[in-house]
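Asks: Sharing a sequence plus its predicted fold:
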Amino acid sequence: MIMENSNDNQEPPAAEVTSTITVDDVDVDFLPIIFDIVRGLERESTDASQKPPGGSQDISQKLIELHKKLELARDQIKRLPGVEYSQEQQIEKLEGLRKQLRLKRELLLKYRTMCSFDIPKI
Amino acid sequence: MARSSSSISTGEQLLSIIDDITLISKEIIDNIIAMKHQKLCGPEQIQLTDLLITKDNQLKETLKVAADQAKVNKKMDLLRAEVEKLDQDIQHLQRQLKEAEQILATAIYQAKQKLQSINRSNKRPVPSEDLIKFAHRISASNAVCAPLTWQPGDPRRPYPTDLEMRLGFLGRLSHATGDMPLNGHMLQQTSQLGDMHRSGHHQEPPASQQNQFAWHPSGEIHMAVGQGSVPMDTRNHTKDNEDVEVMSSDSSSSSSSDSQ
């Protein structure tokens, strides 16, 4: 809990670097830890009679580590840029922006090339 | 878990996959602990492991999509910045157009007024002869400029004389209210001259004033204009007196002291 609280306290500065986080920074290697936990548990069950004294403690440590890793991954995913839309929605938005840009450029061009003023010929 | 990828954002997809992985891993661990006690090894465990691997692959695939989306997002940011810049340009242009419109509207309003006055003057033209006649009438009393042949001692003045001032609107005003006289002497004169003016007759000023305010009794002043002297009739002076003196009232402050 103390660790989580300290993480919470570090949230605001982490939010400032939102733009710098990339997909490569997201740690999603959960399988090795799960494998370690499963192996530890199995070893514990098979060698119940001669289990090492710190075995269960090691497993609980791994469990905490897995939990933290999952939480960290959730937090990092929330800070990933551009994932607030699905791919299709994002493409639609991109097209929308391109269209907007084109229309605005056309409007400006229209204003610029607009014949200045018709001088009435008297 | 049925999901339509088109409506759910990639972030939500990723989070839900992580939730799934959390649940599956928890289930696997629970199963192992249960197996430890009950010595069971069901096919369920294999299914769960397969599911976990599938979810892990799914997570990695979705992360690839997210990486693509991050690139697209960069493009979108650039586009947004460009749109913002164009917006500012458009607003700037709009402001300028608004200003131009205002200036033009003012110009058109003024031009319309000018056209109206031109139309009005076209409808009721004033003959130039009348204008010249009126100008002569104004200048006949030397209220506008001194006669060309003016010499020191000449009674004709390039400004309204004291007498004329007293006959004028301001003089009558001070007489009517009866207060704030410039001095006692003037008050006395004002009352005399005011009466004289109201009677409508040219009377000879009192002898004491004749030296100061020499006035041609005939009312005829000879003006040297250009080729020769033009006789100007100022006998209707009393009638036009008010107009002339109102126009020349600017010099009223100096007239009284100069004539003394």
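Replies: Nice, I can see it.

Asks: The closest residue to chain A within the stretch 51-200 of chain B: how many residues sit nearby?
Replies: Residue nearest to chain A within the stretch 51-200 of chain B (CB to the nearest CB): B:N73, separated by 2.9 Å. No exception for glycine: its C-beta is placed from N, CA and C like everyone else's. For B:N73, the neighbour count with other CB atoms under 10 Å in any protein chain shown is 21.

Asks: now B:L173
Replies: Neighbour tally, B:L173, other CB under 10 Å: 9.

Asks: Which strands and helices lie in contact with the helix or strand containing B:K112?
Replies: B:K112 is part of helix B:43-123, with elements assigned from DSSP states H and E. Judged by 3 or more CB pairs under 8 Å, 6 or more residues apart in numbering or on different chains; DSSP states H and E, helix B:43-123 is in contact with helix A:31-46, helix A:87-113, helix B:10-38.

Asks: 6 Å instead, please
Replies: Counting contacts by 3 or more CB pairs under 6 Å, 6 or more residues apart in numbering or on different chains; DSSP states H and E, helix B:43-123 packs against helix A:87-113, helix B:10-38.

Asks: Now do the last one against helix A:87-113, angle only.
Replies: Put plainly, it is helix B:10-38. Put simply, helix B:10-38 runs at 170 degrees to helix A:87-113, going by axes from the mean of the first three to the mean of the last three CA atoms, to 10 degrees.

Asks: Tell me which other helices or strands helix B:10-38 touches.
Replies: helix A:31-46, helix A:55-78, helix B:43-123.

Asks: So which bits of stretch B:103-121 are buried?
Replies: With burial defined by 16 or more other CB atoms under 10 Å in any protein chain shown, not one residue of stretch B:103-121 is counted as buried.

Asks: circling back: OK, contacts around the residue of the stretch 51-200 of chain B closest to chain A?
Replies: Counting by CB atoms under 6 Å, 6 or more residues apart in numbering or on different chains, B:N73 touches A:P81, A:G82.

Asks: Kindly report the same for A:Y85.
Replies: By CB under 6 Å, 6+ apart, the neighbours of A:Y85 are B:S9.

Asks: ok, it to B:N57 distance?
Replies: 23 Å (CB to CB, to the nearest Å).

Asks: hang on, the earlier thing: for B:V144, which of the helices and strands packed on helix B:43-123 is the nearest?
Replies: Smallest distance to B:V144 across the helices and strands packed on helix B:43-123 (CB to CB): 56.7 Å, for helix A:87-113.

Asks: Buried residues of that closest one, list them for me.
Replies: A:Q87, A:Q89, A:Q90, A:K93, A:L94, A:L97, A:Q100, A:L101, A:K104.

Asks: Packing partners of it?
Replies: Against helix A:87-113 (3+ CB pairs under 6 Å, 6+ apart) you get helix B:43-123.

Asks: C-terminal to the helix it packs on, what's the next element?
Replies: helix B:128-140.

Asks: Looking at that next one now, give me its mean pLDDT.
Replies: For helix B:128-140, mean pLDDT rounds to 86.

Asks: Contact partners for B:D68?
Replies: Contacts of B:D68 (CB under 6 Å, 6+ apart): none.

Asks: go again using 8 Å as the cut-off
Replies: Taking CB atoms under 8 Å, 6 or more residues apart in numbering or on different chains, we find B:D68 in contact with A:Q87.
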